[in-house]
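*Asks:* I need the structure of the sequence given here:
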Amino acid sequence: MGLIRRLRVTQRAMERAMLGVSLRDQIRNEEIRRRTRVTDIAQRVAKLKWQWAGHIARRTDGRWGLKVLEWRPRTGKRSVGRPQTRWTDDIRRIAGSRWRQAAQDRALWNSLQKTYVQQWTSIG
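*Replies:* Sure, this is the predicted structure:
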């Protein structure tokens with residue numbers, strides 16, 4: 001989420017530069033976004049992540065993408081403390097543990113995408 005926050009700040013700075021607006025002008029971010037009509041970077045990132053996960057789940061050619069998502073270290077030992085969130089943990093929260101089977105149905109997958117993007121951008 002820290003990365004998303006930094007991306008949003010950078011995007012807002014670029015939008016201000018596009019409009020020639022300074023922070024001293026005290027124009028709200030919503031107004032700047034309305035003027036530029038640029039998509040929020042967090043929404044775009046979430047949408048692309050969801051689409052890529054569906055693409056990887058539907059592939060059947062045996063390339064490394066799906067293998068990397070399911071890889072487990074040989075030792076099985078994890079460091080002390082809270083486990084790091086894996087890439088697929090976000091997707092499992094919305095689509096369930098059988099997310100790869102859900103991705104096979106494109107209509108279902110696309111309907112879940114809206115929920116995922118809303119949930120993912122509201123956190124950040």
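*Asks:* give me the neighbour count for Lys114.
*Replies:* Counted with other CB atoms under 10 Å, the neighbours of Lys114 add up to 12. Heads up, the C-betas are built off the backbone N, CA and C, glycines and all.
*Asks:* now name the helix or strand holding it.
*Replies:* helix 106-123 (DSSP states H and E).
*Asks:* rounded mean pLDDT for that helix, please.
*Replies:* Averaged over helix 106-123, pLDDT sits at 85.
*Asks:* and that helix, what does it pack onto?
*Replies:* The contact analysis (3 or more CB pairs under 8 Å, 6 or more residues apart in numbering; DSSP states H and E) places helix 106-123 against helix 41-58, helix 87-95, helix 99-104.
*Asks:* shaky segments in the protein?
*Replies:* The chain contains residues with pLDDT under 70 at 72-73, 76, 123-124.
*Asks:* pick out the residue closest to the middle of it.
*Replies:* Ala46 (2.5 Å; CA atoms, centre = their mean).
*Asks:* how far away is Arg100 from Arg82?
*Replies:* 26 Å (CB to CB, to the nearest Å).
*Asks:* circling back to that earlier point, now distance to Lys114 too, for the helices and strands packed on helix 106-123, in a markdown table please.
*Replies:* Below are those laid out as a markdown table (distance: least, CB to CB, whole Å):
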| stretch | distance to Lys114 |
| --- | --- |
| helix 41-58 | 9 |
| helix 87-95 | 10 |
| helix 99-104 | 14 |
